[in-house]
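>>> coords please:
(2 chains)
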Amino acid sequence: MDIKEGLCADTWQNQQKWQDTPMLDYDAPFQEFSQQPPQTQTLLSCNPSNQTNKVQDWDPSAMLNNLSFLEQKIHQLQDLVHMIVGRRGQVLGRSDDLVAQQQQLITADLTSIIVQLISTAGSLLPSVKQTLLAAPPSFGQFGGAVVGVQQHNTSNQINCGTEQNHPVEEQESKDEEDADEGENLPPGSYEILQLEKEEILAPHTHFCTICGKGFKRDANLRMHMRGHGDEYKSPAALAKPHKESGPEPMLIKRYSCPYGGCKRNKEHKKFQPLKTILCVKNHYKRTHCDKSYICSRCNTKKFSVIADLKTHEKHCGKDKWLCSCGTTFSRKDKLFGHISLFQGHTPAIPLDEHKGLTGASDRREGNEATSTVGSINFNFGSNASMGTGMPTDMDAKGSADDPTGYFSPMNFDTCTFEGGFNEFPRPPFDDTESTFSFLIPGSCNYSPKTGGDSGLNALK
Amino acid sequence: MKNQKQQRISQTTNHFDLLSEEIVFTILDLLGENQIDKKSFSLACKSFYVIESNHRKNLRPLRQEPLSGILTRYPNITHLDLSLCPRVTDSSLTTISNLCESTLRSIDLSRSGSFSGSGLLRLAVNCRNLVEIDVSNATNLKDAGAAALAEAKNLEKLWMGRCKLVTDMGVGCIAVGCKNLKLISLKWCLGVGDFGVGLIAVKCKEIRSLDLSYLPITDKCLPSILKLQHLEDLVLEGCFGIDDDSLAALKHGCKSLKALDMSSCQNISHLGLSSLASGTGGLKQLTLAYGSPVTLALADGLKKLSMLQSIKLDGCVVTCAGLKAIGNLCVSLKELSLSKCLGVTDEGLSSVVTKHRELSKLDITCCRKITDVSIAHITNSCTNLTSLRMESCTLVPREAFVLIGQRCPFLEELDLTDNEIDDEGFTHFIHSANLCIRAIVLVFILTCFVDAGLKSISRCPNLSVLKLGICLNITDEGLTHVGMGCPKLVELDLYRSVEITDSGVSAIACGCPNLEMVNIAYCKDITDSSLMSLSKCSRLNTFESRGCPLITSLGLAAIAVGCRQLSKLDIKKCHNVDDVGMLPLAHFSQNLRQINLSYSSVTDVGLLSLASISCLQSLTILHVKDLTPSGLAAALLACGGLTKVKLQASFKYLLPQPLFEYLEARGCVLQWRDKVFQAELDPKCWKLQPEDMVP
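Below you'll find the predicted structure:
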């Protein structure tokens, strides 16, 4: 009895956990289909009432809710298909991937409708459920008792449970297909599996044997299975499948890409197998599919795996390491790796630094010099060595009245520099400072720069 | 008939016309370093002027303003040294780049940081044959400036010390742009790290010499550096990011490496050194100053270096076992430096010197524990010594010096500062020594060194440098001996040798016409007649007569007239020197660069007259009581080439602030001193006032 209680408590806790976690991710997948929010709301609202009611076969109001949801859903789907049909008429040159995307959208919606329909029907037919419960042999008498106790609490959660679980689409962990690069399995020591293209691109790989709903992950399927009866709630049924297989050595499985000529294809001379199904999927999408996800920020980077897009979006716009070839890098080591790899590429210095270069030190000095000259004239007006300071200053200011004439030749000069000597386009140097010193050649006795700078200041 | 005709031709025409320009060029080449001679040659006639203009290859102007004129006159300048210019602006660089174009091969901008990237770009683009650029101390230079340098595609040598704002990006541009780099110094470029250095190593395959001192580099860039095929000289001084582990990870070393400096690398012990040594078999010169203790393990690590010739271990803690192990190295060292090492004992040093009999340079400065035992061993085995520095080896007795003199016949340089040598010992030393000695430093040899010592010194006819600081017993008699026996003397330091009078100095002046540097500071009995006799030494360029109260303007005028090459003058505390002395100085000493007028009686007039010396760069005017603020301001403004001025702090508030700003903008550094007026110290109490000792 002690054991039983312990088990019960355990299972119950597990369930609690499961109920909690999916709630968070609840409407995540629906974001893709923007029409969803109202239904999820209604579903949520029905949950507490169901839980509080004890042994109750079905709730007519909930049923009505579900049915109206289904109706709404079907209408929406209809609208969508209408829209697609209309658009196809309009634009002929539409890319294939968009069509595929639309198909995916419709399939997802249809799946959701079917699931809803089945679960609604399931709650209508309690007798079916009972037979199902009795069926699994593994539980034995002991397990049956456990189920009996549990049924008390959870019989009506099936509804909620499925609803909460089915949309859970776990964040695809970004799996580097190159992760197995270092692995050196001798050929033949593993079993090579090859999935077909359709299989790889299918949104779901795990399907419920009862209702047919598809899942991306096995764990999600198992969570879903709980809704189909108490026999799926046992720890054994919920545990990971391979763990059950226990200590017996399993033949290592490796995967081959179905794309002919690919290095990951088993026919390739230097075949490198892929480690997991997820690797196969990511590899196939990244290498052999169109990149249909475009970054909304930079509008240039394209991805075929959505997780890649998300990773990119985290860093998009932060690229500050620039190569002369125009490529940007978010990391300094990547830029230097790139430069050491390619002949003739150089690091590109950002434009603002060029400005700062001529600006900061020299201009400040120039200012000081000019202002000093003024006051020195005041103090030691008779001294010949300072007398020429002022006129030059005036000169420079006068010349600044018509700035365009003076600026343009120099700008032209800069352009020729660029074209002539850099292999790659590069931000032009700020040459204003030397422009001025060039224009007023040594007319002031202390420093040509002084006049030039004051002229520049007068402009600003 | 024919002969007559030829004679007539030679009579009417200039003989030099018969010489081709090449021959005259060769003659000019033989004039060597003496610029004054070339100057006078060029002033002889028009054709000489032209020849000299075409001949000159090197130029070191004092100011940037006349650059365009100078460069038009000298069209064949290949090396331009602007390190004396207080500031070099972008416009000057533009002028240079337009006038020199492809003839210019080398430019030194190491002390003039007013230029920016745009000036450098012009230089790099117009002067296509530029091979060497020195932009050290350009602390304002940023990555854009470095990118401009990268346009000098033929660059082979680049010095960028202390360009602190340059980062990996700028150095990366240089690495990509200047493929032919053979030498690059990035010392103190604190913004440059592994990436920049790594890229240099990847892109510039011709690198021979690499200075990475004090860079924040780690083991990441080391492998690519050591892969450089031609690397010969690597300096990793003060690279704290490199440790034993990073060196241990290097599987293959650098075969071509000849000199390695790993001074002040705190994180490298004998382990790292040993792993490095295994890959660098060709190493000849190793510097490990201020590093890990020299122990048995460290010395064992050196065993793999079969070509080693020179080891410098300055400032390290040295153990006896370590020194013995160095002695047991199978190679034969030529140079060993143990200056300021702690723990050097007779036992250790003896075991080193007995094994390395080929030593020619030995530095045991401040090895305070060694005694005559070491000296006996040194003199026994290292008979080829040419240089021995043993400042402050206070336990070495006087008898030991006789041994040095007897057994080291090739000694050229000897530093006996602060040793216990007495006159008798020194006399014996010199009498037994060979005649090769060129330099003797005898500072602080206070007690027993008398004229007999100097008399024996006079037996060294090759002596060119003699420093006798604070040798209180030396009198004129000794100096007379020197004057008679050492005609090649170039440098004479008599700092605080107070017994000296005019007769001694005049004997020196007569006997040593090649004197270039004379220091008679605090020899209080010296009068104008000394200066008049010294004025015969026409090569004199540095003269210090600090604290000689009897000197007047008259003596100074004689120096000014006689020694036209005078470039450094110190007349601090010569109270009797006034404006009368300044006027001839201003007129004749056109090469004067540095002057100290503190405590003299110069007034506004004298100071302002100095403005006519266009070379004047450094000026020290402390406690000149007759100087007025306006006079000082006028002088500061008039001396356009000033780079450094030391002034009394009280003037800081008497002069307008904008004046200082203007001077600083012109490239002049103002240093303010707030020393109280100091009365003259008793000459015998010098040891209590060590800070006053150094001239």
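>>> for chain B, where's the lowest mean pLDDT among helices and strands?
helix B:690-693 (a mean of 43; mean pLDDT, DSSP states H and E).
>>> Residue ranges in the chain under the pLDDT threshold?
Let's take chain A. Applying pLDDT under 70 to chain A picks out residues A:1-59, A:87-97, A:120-185, A:187, A:241-250, A:319, A:351-460.
>>> could you do chain B instead?
Across chain B, the ranges flagged by pLDDT under 70 are B:1-14, B:251, B:433-435, B:446-448, B:677-695.
>>> repeat that with 50
Applying pLDDT under 50 to chain B flags residues B:1, B:687-695.
>>> So which residues of the stretch 251-400 of chain A form strands?
A:252-256, A:293-294, A:302-303, A:321-322, A:328-329 (DSSP state E, counting those that start in this stretch).
>>> Now tabulate those in JSON lines and tack on distance to chain B and mean neighbour count.
(C-beta placed from N, C-alpha, C; glycine too.) What follows is these, written out as JSON lines (distance: least, C-beta to the nearest C-beta, whole Å; neighbours: other C-beta atoms under 10 Å in any protein chain shown):
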{"stretch": "strand A:252-256", "distance to chain B": "33", "mean neighbour count": "18"}
{"stretch": "strand A:293-294", "distance to chain B": "30", "mean neighbour count": "16"}
{"stretch": "strand A:302-303", "distance to chain B": "28", "mean neighbour count": "16"}
{"stretch": "strand A:321-322", "distance to chain B": "8", "mean neighbour count": "20"}
{"stretch": "strand A:328-329", "distance to chain B": "12", "mean neighbour count": "16"}
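>>> Any idea which of these gets closest to residue B:460?
Among these, the nearest to residue B:460 by C-beta to C-beta is strand A:321-322 (64.4 Å).
>>> What strands flank that closest one, and is each parallel or antiparallel?
Paired with strand A:321-322 in the same sheet, following DSSP bridges, are strand A:328-329 (antiparallel).
>>> quick one on the thing from earlier: can you tell which of the strands of the stretch 251-400 of chain A is closest to residue B:587?
strand A:321-322 (59.8 Å).
>>> Tell me which residues are up against that closest one.
A:328, A:329, A:330, A:331, A:332, A:334, A:335, A:347, A:348, A:350 (C-beta atoms under 8 Å, 6 or more residues apart in numbering or on different chains).
>>> Among these, which one lies nearest to residue B:493?
Closest approach between the contacts of strand A:321-322 and residue B:493, by C-beta to C-beta: residue A:347, at 52.3 Å.
>>> Would you mind listing the residues in contact with that closest one?
A:321-324, A:335-336, A:339, B:168-170, B:172-173, B:176.
>>> Okay, and the beta partners of it?
Taking DSSP bridges as the rule, residue A:347 bridges to residue A:323.
>>> For the nearest residue to residue B:77 once chain neighbours are set aside, grab phi and psi.
Nearest residue to residue B:77, sequence neighbours excluded (C-beta to C-beta, 6 or more residues apart in numbering or on different chains): residue B:59, at 4.9 Å. The phi/psi pair for residue B:59 (degrees, to the nearest 10) reads phi -140, psi 130.
>>> any idea how far residue A:110 is from residue B:59?
In this view, residue B:59 and residue A:110 are 87 Å apart by C-beta to C-beta, to the nearest Å.
>>> okay, the two: which has more neighbours?
Per other C-beta atoms under 10 Å in any protein chain shown, whichever of residue B:59 and residue A:110 has more neighbours is residue B:59, with 18 against 13.
>>> Kindly state the beta-bridge partners for the more buried one.
Under DSSP bridges, the beta-bridge partners of residue B:59 are residue B:80.
>>> Pretty sure residue B:66 is one of the things it touches, is it not?
No. Residue B:59 sits out of contact with residue B:66 when judged by C-beta atoms under 8 Å, with a separation of 11.3 Å.
>>> what touches both of those two?
Between them, residue B:59 and residue B:66 share no contacting residue under C-beta under 8 Å, 6+ apart.
>>> residues contacting residue B:192?
B:166, B:167, B:168, B:171, B:186, B:215.
>>> ok, which of the residues you listed also contact chain A?
Filtering the contacts of residue B:192 for proximity to chain A (criterion: C-beta under 8 Å from any C-beta of the partner chain) leaves residue B:168.
>>> got the contacts of residue B:192 as a markdown table, with secondary structure and neighbour count columns?
What follows is the contacts of residue B:192, written out as a markdown table (DSSP: H, G, I helix; E, B strand; the rest coil; neighbours: other C-beta atoms under 10 Å in any protein chain shown):
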| residue | secondary structure | neighbour count |
| --- | --- | --- |
| B:166 | coil | 29 |
| B:167 | coil | 23 |
| B:168 | helix | 24 |
| B:171 | helix | 29 |
| B:186 | coil | 28 |
| B:215 | coil | 26 |
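>>> which one of the contacts of residue B:192 is nearest chain A?
Within these, the smallest distance to chain A is 6.9 Å, found for residue B:168 (C-beta to the nearest C-beta).
>>> Okay, the nearest residue to the closest one once chain neighbours are set aside and residue A:116: tell me how far apart.
Nearest non-adjacent residue to residue B:168, counting by C-beta to C-beta, 6+ apart: residue B:196, 3.6 Å away. As judged by C-beta to C-beta, residue B:196 and residue A:116 stand 62 Å apart.
>>> what's near enough to touch the residue lying closest to residue B:188 once chain neighbours are set aside?
Distances taken as C-beta to C-beta, 6+ apart place residue B:162 nearest to residue B:188, at 4.5 Å, with adjacent residues excluded. Residue B:162 makes contact with B:136, B:137, B:138, B:139, B:187, B:188, B:189, according to C-beta under 8 Å, 6+ apart.
>>> hmm, which of those residues are the buried ones?
Buried members of the contacts of residue B:162, counted by 16 or more other C-beta atoms under 10 Å in any protein chain shown: B:136, B:137, B:138, B:187, B:188, B:189.
>>> In TSV, list these along with distance to residue B:569 and secondary structure.
Shown next, in TSV, are those (distance: C-beta to C-beta, whole Å; DSSP: H, G, I helix; E, B strand; the rest coil):
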residue	distance to residue B:569	secondary structure
B:136	28	coil
B:137	27	coil
B:138	31	coil
B:187	33	coil
B:188	33	coil
B:189	37	coil
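>>> which two from the residues you listed end up farthest apart in space?
B:138 and B:187 (13.0 Å).
>>> Tell me, how many residues neighbour residue B:626?
Neighbour count of residue B:626, defined by other C-beta under 10 Å: 15.
>>> is it true that it touches residue B:602?
Yes. In this structure, residue B:626 is within contact of residue B:602 by C-beta under 8 Å, at 7.3 Å.
>>> Counting neighbours, go ahead and name the busier of residue B:196 and residue A:116.
For the pair residue B:196 and residue A:116, the greater number of neighbours falls to residue B:196 (28 against 20), based on other C-beta under 10 Å.
>>> Now do the same contact list for the residue nearest to residue B:77.
By C-beta under 8 Å, 6+ apart, the contact list for residue B:59 reads B:70, B:71, B:74, B:77, B:79, B:80, B:81.
>>> With adjacent residues omitted, what lies nearest to the second one?
The reference is to residue B:71. Computed as C-beta to C-beta, 6+ apart, the closest residue to residue B:71 that is not its neighbour in sequence is residue B:99, at 4.0 Å.
>>> so that neighbour sits in a strand?
No. Using DSSP: H, G, I helix; E, B strand; the rest coil, the assignment for residue B:99 is helix, not a strand.
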